[in-house]
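1. only geometry, no sequence info:
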């Protein structure tokens, strides 16, 4: 195919594209592999405003709204540590991730969203222990599935 059919990067995740006769293809292929490594089964360590003091390659972080330092202006993006550098990935609608710190899945639709943890029933004039046990089991199942955050 002719390179005139394509931009130099893919539209969704800005993966670099190769063209016939291109020199130094290794750099482009390595960037593609690094971005895919960060995106496939996306897991973040947690949300942070600035880079952690001692990040490990392969770790991802969700950049929080009050971003600063090396992450300034990157709020809402995924900061992926690859080969001692930060790659930033802009989220797309429908993108999902698992936040290890919260033990919860999140999804992107304009902003990152996560389900709120429901409250356990308390008080009332009639206490139904079976209903309360069932509600507690539902909350536990939602937590185990990563739908709501751990308490």
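-> Thanks, I have the structure now. If you're wondering where the values come from, they're calculated on a predicted model, not measured in any experiment.

2. Helices along this protein, start to end?
-> Assigned by DSSP state H, the chain shows helices spanning 25-39, 129-144.

3. and these, which is most packed in?
-> Compared across those, helix 25-39 shows the largest average neighbour count, a mean of 15 (mean count of other C-beta atoms under 10 Å). To be clear about C-beta, it is placed using only N, CA and C from the backbone, and glycine gets the same treatment.

4. Now residue 22: closest residue in space, sequence neighbours ignored.
-> Distances taken as C-beta to C-beta, 6 or more residues apart in numbering place residue 28 nearest to residue 22, at 7.3 Å, with adjacent residues excluded.

5. Over to residue 136?
-> Residue 136 sits nearest to residue 120 (C-beta to C-beta, 6+ apart), 6.1 Å away.

6. Quick one, grab the pLDDT at the nearest residue to residue 92 once chain neighbours are set aside.
-> Once flanking residues are discounted, residue 92 sits nearest to residue 12: 5.7 Å by C-beta to C-beta, 6+ apart. As predicted, residue 12 sits at a pLDDT of 74.

7. and the helices of the chain as JSON lines, adding mean pLDDT?
-> Conversion of these to JSON lines gives the following (pLDDT from 0 to 100):
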{"stretch": "helix 25-39", "mean pLDDT": "78"}
{"stretch": "helix 129-144", "mean pLDDT": "88"}
